[in-house]
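In: sequence first, then the predicted structure:
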Amino acid sequence: MTTTADDMSRAQDAAPEEAARRAVRRATDHLLARQQAGGWWLGFAQTDMGYDAQDLFFRRFLGLADERVTAASGRWIRSRQSADGTWPTAPGGPGDLDITIQAYVALRLAGDRPDEEHMARCAAWVREQGGVAAATLTPRLWLALFGWWSWDELPEIPPEIIAQPARAPLSIYSFNSWARQVIVAVSVISAHRPVRPAPFAIDELFAPPGTSSPAGRRDRVFRRLNTAARVCLRGAPRVLRRSAIHACTRWLLERQEADGSWGGVAPMTIFAVIALHLQGYALDHPALRAAVDFVTGSVAWPEDDVRKVETVKSPVWETCLSVTALADAGVPADHPALVKAADWLLTRQTDRPGDWAVRSPGLDPGGWAFVFHNQTWPDTDDTSEVLLALRRVAHPDPARVDAAVDRGLRWNLGVQCKDGGWAGFEPDVTGALPTRLPFLDIGGHCVDAPTADVTGHVVEMLARLGLRDDPRTRRGVRWLLRHQEDNGAWYGRWGVNHLYGTGCVLPALVAAGVPRDHLAVRRAVTWLRSVQNEDGGWGEDWRSYTDPATYAGRGTSTASQTSWALLALLAAGERDSAEVRGGVRWLTGRQTDTGTWEEPQATGTVVPRVVSINYECYRHVFPLTALARYVRHPDS
C-alpha cells in the first residue's frame, strides 16, 4: 500500500498526541504523590537573596543570631552570587543594587572579609552604581537599624497616618493590603529610630563624595519634604504622637493571624515584630513568640547544609491549581485525593471581615487567601481558582460545598471595581497620591488596581459557574477587551508576564462566550505565534516588566510559560496548529524521569520589577494542565 503525504502528515500529528498521553499519565502520578497528608500541595517558593539577608538582620537586631544559622545562610547567599559580584532580582538577570547591598552585608555578618575577591568585586560594583545612597528605602532602612545609615536620610513615615479617615487620599487604606501593613509597622519603627551597635563598618559600599545618581537627586527632592514634615511633627503635642503609636500597635495586634504571622508573609511579620518589640513587648510575649516561631520556621535546610528563607508559603494556590490539573487529566471527580483536597480547602475559607470591608461594608466574608492562615487579606485570584477547583470535585457532602461556593461567589462579586475589573484584594484602591510618595519605592504597585490576569480568572470562574450572561461578568469581559496591549497580549501582574496575562485572559474570554474569530482573540493568537521560540517552547524574561519592547514574550523557553501559551492557543481553537504541536513536543521532550519538569527561572511575580518568585509547583501543575487539555479537551 502506498503511503501518501496526507498519511505521513497524520502520523506526524499523532506522534505528539501519544507522547502527550504518556506525559499526562506520568505527570498525574507525580502530582498525586506530592499531596500532603492533610490534603494540600506545597512546594518551595524561592525569592531573591535580599530576604535571606533580612532574616539575618532581623535575628541580629533582636539578639537571636545563631552561628549555625548564619553560616548556613551565608553558604546559600554566597552560592547565588553572579560572576560580576552581584545578586539579581530573578535568576540569570542583571545585578540589582538593593539586593546586592543586603546580600553583601549579610555575608559580612557570616564572616566574609571585605578584602576577599568575591567581596571586593561586589563592593566595587556597588560603588559604581552610586553606593548605598543610590539604593531605595528597604536596604537603607535595614542599614539605619545598625547605624550604617542615618535616620534623617530616610523618608518620614509618621505614625499619625493611622488617624487619617479611611477615605482620605493618604490614609493607610489608600495603599494596598500588604503595603499598608508595612507602612504601619515601619511608622512605629521610624518613630523610635532604634540603632543597634554595628559589628563592623561598611565604608566600602559608599561612593566617593560628590558622586551623582538618580537616587541622590530623588533624595534631595524628598529631603526638603521630610524636613518640613519633621518640623511640623516636632511642634505637635507629644501626647498625639504617643496616641498614634499606640493606635498603630493595636492595629497590628488586631491583624495577627492564627499562625503568629501577619498575612502569612515573613517580611511583613518581621517588621511587625520589630515594631512591637520597640513598643516594649518582650520576645516571650505570646504574640511575639508566635511571630518569631513563624519567621524562624520559614526556611528549608537541604542536604548540602545551606539555609533558604521562604518569604511566603502558597498551599491554597497550589492546591486549587493541582485539583484543576488532576481533574483535567481525567482523575475521577470522587477520587480520594480530590475529595481530601476539597475538604482542606473548605477549612481555609475566611469567615470574618478583613480590611476589604472598609471599602465593601456590609459584604459577608467568604474569600480565600494564598497561605495557610490569613483572615485579613483574602484575594480574588485564589478565591476564583478555589471555586473552579471545588466544582471539579464530587464531594460526599455537596450541600457543604454549595454553601462555600455561594459565599465565595458573592464575596468575589462584591469586590468588583467600579470600572468592571478585579484587583487583587480590594476594590478601587487606585489613588494617585500614594504612588508619588517614597514610602516603599515601588511606585504604582503600592495601590491595588485591577489587572488582566486576575480579572481573567474571575471572569472564567463566573462563566463556568453559570454566570456567563450576568451583567457583572459582561462588564469584566469589556474590561479585558479594553485592556489588551497594542501587541495583542495582556499584561501579567502576578506572573511573568505577557505570556501569563494572555494565558489567563484567552481561556476566560472564550468561556465567557467571546467568539474565537473575534479580533481580540485573533490578535492574541498572532502575537503568541510571533514570539514562539525556535525550539517550540515559549519564554519571557523577567525584564519584560522594565523593557517590554525588548522582552515581552521573549526569553528562554520554560515549562510554565510554554504551558500558558498552550492554554491560550487551545482555548482559541488552535489545537491542530503547528505552534501547538511544537509546544507539546517541547514539553513532552523535556519531562524528567520522575514525571515533572525542571524550571530554574522565576516565572512568578510578587511585585513587578522588584520581587520575582520561583514557585516549585508551577513546573508540576501547568504542564500537566496544558497537556491534559490538549489530549482530553480538543475543543477547550
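Out: It's in.

In: ok, G111 - contacts?
Out: By Cβ atoms under 8 Å, 6 or more residues apart in numbering, the contact set of G111 is 70-71, 74. Backbone N, C-alpha and C define where each C-beta goes, glycine included.

In: now the buried members of those.
Out: 70, 74 (16 or more other Cβ atoms under 10 Å).

In: quick one: the contacts of G111 as JSON lines, columns for distance to A524 too.
Out: Compiled in JSON lines, the contacts of G111 are given as follows (distance: Cβ to Cβ, whole Å):
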{"residue": "T70", "distance to A524": "49"}
{"residue": "A71", "distance to A524": "50"}
{"residue": "G74", "distance to A524": "46"}
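
In: tell me which entries of the contacts of G111 lie within strands.
Out: Judged by DSSP state E, strands contain none of the contacts of G111.

In: restricted to helices, list the contacts of G111.
Out: 70-71, 74 (DSSP state H).

In: pLDDT-wise, which helix or strand of the chain ranks last?
Out: Taking mean pLDDT, DSSP states H and E as the measure, the helix or strand of the chain with the lowest value is helix 214-234, at a mean of 54.

In: helices or strands up against the helix or strand following it?
Out: Remark: after helix 214-234, the chain's next helix or strand is helix 238-254, criterion DSSP states H and E. When contacts are defined as 3 or more Cβ pairs under 8 Å, 6 or more residues apart in numbering; DSSP states H and E, helix 238-254 packs onto helix 177-192, helix 266-278.

In: which strands and helices sit next to the first one?
Out: If I follow you right, that is helix 177-192. helix 238-254, helix 266-278.

In: how about the shortest one?
Out: Taking 3+ Cβ pairs under 8 Å, 6+ apart as contact, the helices and strands that helix 266-278 lies on are helix 49-62, helix 177-192, helix 238-254, helix 286-296.

In: gap between Y281 and V239?
Out: Distance check for Y281 against V239: by Cβ to Cβ, to the nearest Å, it reads 21 Å.

In: I misspoke; the intended subject was E574.
Out: 67 Å.

In: so for these two, which sits in the more crowded spot?
Out: Higher neighbour count among E574 and V239: E574, with 20 against 8, using other Cβ atoms under 10 Å.

In: and that one, what does it touch?
Out: Contacts of E574 (Cβ under 8 Å, 6+ apart): 525, 580.

In: now do P165: how many residues are near it, please.
Out: 8.

In: now do the contacts for it.
Out: S171.

In: please renumber the chain so that the first residue is 59 from this point on.
Out: With 59 as the first residue, the last one maps to P223.

In: ok but it is inside a helix, no?
Out: No. P223: not assigned to a helix; according to DSSP: H, G, I helix; E, B strand; the rest coil it is coil.

In: stretch 673-684: how far from the chain's middle?
Out: 16 Å (Cα atoms, centre = their mean, to the nearest Å).

In: can you list the neighbours in contact with that stretch?
Out: Contacts for stretch 673-684 (Cβ under 8 Å, 6+ apart): 81-82, 85-86, 88-89, 92, 99-104, 372, 375-376, 379-380, 382-384, 386-387, 617-618, 620-622, 624-625, 628, 641, 645, 649, 654-657, 661-662.

In: just the buried ones from these, in PyMOL syntax?
Out: Applied in PyMOL, the following selects the buried portion of those according to 16+ other Cβ under 10 Å:
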select buried, resi 81+82+85+86+88+89+92+99+100+101+103+104+372+375+376+379+380+382+383+384+386+387+617+618+620+621+622+624+625+628+641+645+649+654+655+657+661+662
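
In: strands - which of the contacts of stretch 673-684 land there?
Out: 103-104, 662.

In: so which residues of the stretch 509-658 of the chain form helices?
Out: 510-520, 529-540, 556-569, 577-588, 606-609, 617-629, 636-647 (DSSP state H, counting those that start in this stretch).

In: could you dump these to JSON lines with distance to E175?
Out: Converted to JSON lines, the helices of the stretch 509-658 of the chain look like this (distance: least, Cβ to Cβ, whole Å):
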{"stretch": "helix 510-520", "distance to E175": "43"}
{"stretch": "helix 529-540", "distance to E175": "52"}
{"stretch": "helix 556-569", "distance to E175": "39"}
{"stretch": "helix 577-588", "distance to E175": "44"}
{"stretch": "helix 606-609", "distance to E175": "32"}
{"stretch": "helix 617-629", "distance to E175": "36"}
{"stretch": "helix 636-647", "distance to E175": "40"}
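
In: closest to C504 out of those helices?
Out: C504 sits nearest to helix 510-520 of all the helices of the stretch 509-658 of the chain, at 17.0 Å, using Cβ to Cβ.

In: give me the angle between the closest one and helix 529-540.
Out: Orientation check (axes from the mean of the first three to the mean of the last three Cα atoms, to 10 degrees): helix 510-520 against helix 529-540 gives 150 degrees.

In: what packs against helix 510-520?
Out: Helix 510-520 packs on helix 438-448, helix 456-472, helix 529-540, helix 556-569, going by 3+ Cβ pairs under 8 Å, 6+ apart.

In: which residues touch the third one?
Out: Outside helix 529-540, the residues that touch it by Cβ under 8 Å, 6+ apart are 471, 474, 477-480, 508, 510, 513-514, 516-517, 520-521, 525, 548, 563, 566-567, 570, 572, 578.

In: and for the first one?
Out: Under the criterion Cβ under 8 Å, 6+ apart, residues 374-375, 377-379, 381-382, 385, 399-400, 403-404, 406, 424-428, 459, 462-463, 466-467, 469-470, 473, 480-483, 511-512, 515-516, 518-519, 522-523, 552 lie in contact with helix 438-448.
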